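> with the sequence up front, the predicted model follows.
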Amino acid sequence: MPTTVLTEVLLIVTKAHTAGCGQAARSGLLQAICKRLEADWCAVYRCEPAGLFLRDRHTEASHIILQDKLDMWPLPDAPAFLEGARSIPFTAAGCNACLLLPLSRSGEEKGIFAAGWENPDPPLTFDRGAAEPYLGAIAQLLFGLYCADPAYEALHKRVDTLTALFQNAERALEDSRKRVSLELHDEVGQVLTSILLQLKMLRESDDFEYVKGRIGGLHHITSQTLEEVRRISRNLRPFALEKLGLGAAVTAHVQAFTKTTGIAVNTRFTGLDAKLDADVQVVLYRAVQEGLSNIARHAEATAAELMITRKGERVLLQLSDNGKGIGLSATPGIGLLGMEERTRLLGGKFWFHNQETGGFSFQILLPHKNGG
């Protein structure tokens, strides 16, 4: 195999590797390699305990079919060129000559790259001494693209998710500060200013009956102000959650939600007699808040069902609605990502899906320690 051809293949793979380890970088890669090698097909298989599984492929002929799974067979520990259909595990692909590159790191084989020719006398010849350095470099780059990339992709996805959640949390925190500031200034501040002015007038008055009458009004205004402060406090941290537990806090929130939106929510609680862990309560309560908010904004639903069940050392929350569901191609929004991240931090599981009967549903399963 002329080294000029391998040099060009190495450049092709290097360019893809430089672009990253995602699907976009791999798109069209095997086709380009196949064309330059003048091969009839190229494929990458990954090593799994049950055998070799097809990771990616390209064929130049429609009749060539590559198996999705190959039983384990002795993989070469170095680049190899096989001739003769009997010695090649790709006979179903009409292969009579095959180039094999083991994809390994630190001596552990993770997969194999294969290029095949139907012609038993392929247009390119294999010279081990001259070609092996090029083939080894190609194999290392292909390892990064096809064997190491799932971990990289998962890491990058998690970094992107955490970045989006952090940015959203920063915006939400700033919005909360602004809202509380406005509420304190516009409502509580104005009322307190009014109380101060009236107290000043009472202090300067010698009319006992007038003073007595104004004190009743001040008492009413002060009571209203106290209730307003309590409302702001409940929005920041529900009092019932800490004092009465999850069931009472969720019930109060659901009642307020139904009154505001007209969407009926059927609730069912099991095993919530004893208080749950504080962290678990917060995660579940915030999930109910976010879930009901999503239903009101996006679901076009008329009814919803909320279930919270504790059994043993686990607690399950499920919220479903009869709305339009989520599009198959839609990506989870920040709200769902936030639920998933909070659940993950407590060692729980989170999943969501469209229901067969219509509507959307999500579940959260969390461990707990009986109020510890």
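In hand now; what should we look at?

> any chance you could map the strands in the stretch 101-250 of the chain?
All strands of the stretch 101-250 of the chain, identified by DSSP state E, counting those that start in this stretch, fall at 108-117.

> in it, where is pLDDT below threshold?
In the predicted model of the stretch 101-250 of the chain, residues 122-128, 148-170, 172-187, 230-240 satisfy pLDDT under 70.

> quick one: contacts for the nearest residue to residue 104 once chain neighbours are set aside?
Distances taken as C-beta to C-beta, 6 or more residues apart in numbering place residue 110 nearest to residue 104, at 6.2 Å, with adjacent residues excluded. C-beta coordinates here come from the backbone N, C-alpha and C atoms, glycine included. Counting by C-beta atoms under 8 Å, 6 or more residues apart in numbering, residue 110 makes contact with 46-47, 103-104, 143, 147-148.

> with residue 109 instead?
By C-beta under 8 Å, 6+ apart, the residues touching residue 109 are 47, 75, 77, 102-103.

> let me see the ranges of the helices in the stretch 151-300 of the chain.
With helices called from DSSP state H, counting those that start in this stretch, the stretch 151-300 of the chain shows them at 190-204, 208-236, 239-243, 246-261, 278-294.

> distance check, residue 352 against residue 366.
According to C-beta to C-beta, to the nearest Å, residue 352 and residue 366 sit 15 Å apart.

> so those two - more neighbours on which side?
Neighbour count, other C-beta atoms under 10 Å: between residue 352 and residue 366, residue 366 has more, with 25 against 17.

> who does that one bridge with?
When assigned by DSSP bridges, residue 366 has beta-bridge partners residue 315.

> coming back round to it: the residue nearest to residue 104 and residue 84, how far apart?
Residue 110 is 27 Å from residue 84, where distance means C-beta to C-beta.

> rewinding a little: hmm, which of the contacts of residue 109 are the buried ones?
47, 75, 102-103 (16 or more other C-beta atoms under 10 Å).

> can I get the residues you listed in a markdown table with distance to residue 358?
Conversion of these to a markdown table gives the following (distance: C-beta to C-beta, whole Å):
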| residue | distance to residue 358 |
| --- | --- |
| 47 | 43 |
| 75 | 50 |
| 102 | 50 |
| 103 | 46 |
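
> closest to residue 25 among the residues you listed?
Set against residue 25, the nearest of these by C-beta to C-beta is residue 103 (15.8 Å).

> how about residue 263, phi and psi?
Phi and psi for residue 263, reported as degrees, to the nearest 10, are phi -90, psi 120.

> ok, and what's touching stretch 252-269?
For stretch 252-269, with C-beta under 8 Å, 6+ apart as the criterion, the contacting residues are 238, 240, 247, 250-251, 285, 288-289, 292, 295-296, 301-309.

> if you set the cut-off to 10 Å instead, what comes out?
Contact with stretch 252-269 is made by 234, 238-241, 244-248, 250-251, 285, 288-289, 292-293, 295-297, 299, 301-310, 318-323, as judged by C-beta atoms under 10 Å, 6 or more residues apart in numbering.

> state the distance from residue 90 to residue 286.
From residue 90 over to residue 286 (counting by C-beta to C-beta), the distance is 54 Å.

> please read the previous query as pertaining to residue 96.
63 Å.

> you'd agree residue 100 is up against residue 142?
No - with contact defined as C-beta atoms under 10 Å, residue 100 does not reach residue 142; the gap is 12.0 Å.

> which one of the two has more residues nearby?
A count of neighbours by other C-beta under 10 Å puts residue 142 above the other of residue 100 and residue 142, at 24 against 21.

> tell me who's in contact with the more buried one.
13, 16-17, 26, 29-30, 33, 44, 56, 101, 103, 111-113.
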